[in-house]
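S.K.: need a 3D model of the following:
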Amino acid sequence: MRLGAPLVFLAILLSPLLSQTKTSPVLHVQGPYLGQNPPGDTPNLFALGIVSTGLYERDLALSPDGKELYYGVIVGNWATIMTTRCVDGKWIEPTIAPFASNRGANFLEPCVSHDGQRLFFLCTLPPSGEKPKPGWGHQNIWYVERLPDDSWSQPVDVVPPINSSAEEFFPSLTRDGTLYFTRSSGGSNPAIFRSRMVEGKYSTPEKLPFPVNGPWSIYNACIAPDETFLIGCVAGKDSTLPKNAARYQISFRNSDGSWTELVDMGERINLPRGTALSPSISPDGKYFFFSLSQSVAPSRLEELKGLTDILEFVASPLNGAANIHWVSTQVIEDLRTNH
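M.R.: Predicted coordinates for the structure are as follows:
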C-alpha cells in the first residue's frame, strides 16, 4: 500500500455515513458501469458524485458479471472498502463492505478473482498468533470466499508463502489464478512478485526480473487477465522527476516470458500534478481504471473567498484527494504498437 498526496480529512462531515446502518437506497442509475457513458481515449472521472466525490478514493474492482463494484476509501486515519451492486437493473448506494467494517483495521486494494468466488485485499488485521499493531503496522493480503447465499465469508489470511514478515499488498490476478503483488521489506525498494497456483496452493513467490524490477520503486501493479502486460506505479526511474513522484508505467510480456522495458504511459494517464496510486483493468478488458492524487492548482485556491466556497470545494472531486479515472484500453494497445 502506497499513499500519494496528503489526505483531505472529512471525518466530521462524514460521520453520518460511517454510522449508517439502514438499507441503502437505490440510486437513479442503471446499466453497466453504474450507467456511465463509456470513455474513449481521453480519461474521465468515474461515476461523478457516486464514486468520484470529495473523498480519497482508489482501487476499483468489478465482479466478472459487472454487477458488483468495490473501491477503496480513506477517511482520516481509517481506510475501508466500499461496495455497490446492481439489483433488479438498478444500482444501490455504496456501503462499507461487511468484511471491511472492522474499525480497528485498515482495508484497501480489492481484487475479485475471475470466477467471482474470491475477493482479495490488503488488510492490517494481525496474523494468527500476533498482536494488533496501530496504523499500517501489519500489511498482508487476505481474502474472502463467496458463500452459497452470495454473501462473503469472514476474512482469511493468505498466509505463507505469500505473506511474510515483510509487507505484502496490492493483489492482482490473472485468469488462471496467478497472483501478482507488491512486497516491501525494510529500507529496500518495493518490488513486484508473482506466485503460481499449483495443485490448489500458491507456490513460492518469485521476484519479477529486470526490467520490471530494478533500482527504482515499483508498486501497486495490476496484471492483465491474460498476463500480457503489467501496469505499475513507478518512482525513481526518471531522473528528471522528483524522487518520490510516481507515474504509471507499463511493461509488455514477450512470447518467451521475458518483459519489455517499462514505458511511461504519457500525459493522458499521468495527468498534470498527479501521483499514480492504483491501476486495474475491467473484467471485459475494455477499460483501464486508475487513481490519482492531484495537488490543487494555486489558481483554484484563489477562487475560494468564504466558508461556503471552502466547504463546497472540500466536498468536490479534485480537491487534492485521490479520484478514480477510467479510459479505453485502446491507450494500452496504442502503446503496445508504438513500443
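
S.K.: all helices of the chain, in order?
M.R.: 11-19, 298-301, 307-314, 330-338 (DSSP state H).

S.K.: from those helices, which stretch is densest packed?
M.R.: When the helices of the chain are scored by mean count of other Cβ atoms under 10 Å, the highest mean neighbour count falls to helix 330-338 (a mean of 14). The C-beta positions use only the backbone N, C-alpha and C, and glycine is treated the same way.

S.K.: still on that earlier bit, now the helices of the chain as CSV including distance to P98?
M.R.: Formatted as CSV, the helices of the chain follow (distance: least, Cβ to Cβ, whole Å):
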stretch, distance to P98
helix 11-19, 14
helix 298-301, 38
helix 307-314, 29
helix 330-338, 34
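
S.K.: got those helices as JSON lines, with distance to P94 and mean pLDDT columns?
M.R.: Formatted as JSON lines, the helices of the chain follow (distance: least, Cβ to Cβ, whole Å; pLDDT from 0 to 100):
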{"stretch": "helix 11-19", "distance to P94": "9", "mean pLDDT": "41"}
{"stretch": "helix 298-301", "distance to P94": "27", "mean pLDDT": "81"}
{"stretch": "helix 307-314", "distance to P94": "19", "mean pLDDT": "90"}
{"stretch": "helix 330-338", "distance to P94": "27", "mean pLDDT": "94"}
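
S.K.: minimum distance to S203: which of the ones you listed has it?
M.R.: helix 330-338 (27.9 Å; Cβ to Cβ).

S.K.: what's that closest one packed up against?
M.R.: strand 229-235, strand 247-252 (3 or more Cβ pairs under 8 Å, 6 or more residues apart in numbering; DSSP states H and E).

S.K.: which residues does the longest one contact?
M.R.: Read it as strand 229-235. Here strand 229-235 makes contact (Cβ atoms under 8 Å, 6 or more residues apart in numbering) with 2, 180, 192, 208, 212, 216-224, 241, 243-253, 259, 262, 265, 276-279, 288, 290, 332, 336.

S.K.: in this protein, which residue is closest to the centre?
M.R.: Central residue of the chain (Cα atoms, centre = their mean): D59, 2.0 Å from the mean position.

S.K.: now the residue nearest to N102 when sequence neighbours are not counted: how far from A100?
M.R.: The shortest distance from N102 to any non-neighbouring residue, by Cβ to Cβ, 6 or more residues apart in numbering, is to L125 (7.1 Å). Noted for L125: a distance of 10 Å to A100, by Cβ to Cβ, to the nearest Å.

S.K.: just want to know which of those two has more residues nearby.
M.R.: Using other Cβ atoms under 10 Å as the criterion, L125 and A100 rank with A100 on top: 26 against 17.

S.K.: check contacts around the more buried one.
M.R.: Neighbours of A100 in contact, by Cβ under 8 Å, 6+ apart: 80-81, 107, 121.

S.K.: what's the farthest-apart pair in those residues?
M.R.: Checking those with Cβ to Cβ, the most distant pair is T80 and F121, at 10.2 Å.

S.K.: identify the contacts common to those two.
M.R.: Residues touching both T80 and F121 (Cβ under 8 Å, 6+ apart) are 100, 107-108.

S.K.: state the pLDDT value of the nearest residue to T228 once chain neighbours are set aside.
M.R.: Spatial nearest neighbour of T228, excluding adjacent residues (Cβ to Cβ, 6+ apart): R253 at 5.3 Å. On the pLDDT scale, R253 is placed at 97.

S.K.: select the longest strand from the protein.
M.R.: strand 78-87 (DSSP state E).

S.K.: done for today, thanks.
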